[in-house]
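Visitor: Okay, predicted coordinates and the sequence, questions at the end:
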Amino acid sequence: MKFLPLLVLFILLSCSTENKKSDATGSDESVAIENEITEFHQALKRAYNGAYLNTDSLMDHYFGKDVYYVTYWGTSEPIDSTKSRLRHALPGIRDYDNRLEGVNVKVYGDGAYAFFILRQTYSLNGILMDEYLPTTFVLERAGKMWKVMHAQRSADFQTIQQLMAVAQRSETASPGKK
């Protein structure tokens, strides 16, 4: 009976050590996810600035094959549509830059989410774009890396106005083409 308090203390210390180990692993995983997101956006930056990069393969590397992307203009599209839009946008984009702000990652075993602000500046068909895009990724562990299984983006009013200006300019440049 006199060893019971010592046994309880030992169990509590073991649990405390295990929690710290678990937190450290979660922290390590969070850093790994943040690094992957940064690597993905840096690769996009290289592609938009003229480096030959197979953007379909890039998307396949970081995103699951059945991902749906919820766009900031309010539609949900399969990743193949996103890949197609990316391929078609590349020739019209100049002077592309991006940065991530306020990255917040939370890991839950083999699942995680990441929230961040993507700031993009570029010229699209001659119109300067300065985008503020709150972004959420839901990720799943895939071997030694993490894959995006769901992506959702929002936009501020200014970003949507800029997109509308590009659409209006395109409509004016090619009337009757739908």
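Guide: Sure, I can see it.

Visitor: thought S30 was touching V107?
Guide: Yes. If you go by C-beta atoms under 8 Å, S30 and V107 touch, sitting 5.7 Å apart. Glycine gets a C-beta too; all of them are placed from N, C-alpha and C.

Visitor: Look at those two and report which has more neighbours.
Guide: Applying other C-beta atoms under 10 Å to S30 and V107 shows that V107 carries more neighbours, namely 20 against 17.

Visitor: Pull the distance from the strand or helix carrying the more buried one to the chain's centre.
Guide: For V107, the host element (DSSP states H and E) is strand 93-108. In this view, strand 93-108 has its centroid 7 Å away from the chain centroid, taken as C-alpha atoms, centre = their mean, to the nearest Å.

Visitor: Same question for stretch 100-112.
Guide: Offset of stretch 100-112 from its chain centre (C-alpha atoms, centre = their mean): 10 Å.

Visitor: Please enumerate residues in contact with that stretch?
Guide: 26, 29-30, 33-34, 37-38, 41, 113-119, 138-141, 146 (C-beta atoms under 8 Å, 6 or more residues apart in numbering).

Visitor: that older thread, past the strand holding V107, which element shows up next along the chain?
Guide: Counting by DSSP H and E, what follows strand 93-108 is strand 111-124.

Visitor: Which positions within that next one qualify as buried?
Guide: 112, 114, 116-118, 120, 122, 124 (16 or more other C-beta atoms under 10 Å).

Visitor: Parallel or antiparallel, list what pairs with that strand.
Guide: strand 93-108 (antiparallel), strand 127-142 (antiparallel) (DSSP bridges).

Visitor: what's the most buried one of those strands?
Guide: strand 127-142 (a mean of 17; mean count of other C-beta atoms under 10 Å).

Visitor: quick one: contacts of it?
Guide: 33, 37, 64, 72, 110-123, 146-156, 158-159, 162-163, 165-166, 169.

Visitor: do the same with stretch 146-162
Guide: With C-beta under 8 Å, 6+ apart, stretch 146-162 has contacts from 29, 32-33, 36, 62-64, 66-73, 112, 118, 127, 129-140, 163.

Visitor: quick one: the helices in this structure?
Guide: Along the chain, counting by DSSP state H, helices occupy 4-48, 55-62, 79-89, 157-173.

Visitor: To D97, which of those helices lies closest?
Guide: helix 4-48 (6.7 Å; C-beta to C-beta).

Visitor: Phi and psi next, for G74.
Guide: phi 90, psi 20 (degrees, to the nearest 10).

Visitor: And it, how close does it get to A167?
Guide: Separation of G74 from A167 (C-beta to C-beta, to the nearest Å): 14 Å.

Visitor: so where's this protein shaky on pLDDT?
Guide: 1-26, 174-178 (pLDDT under 70).
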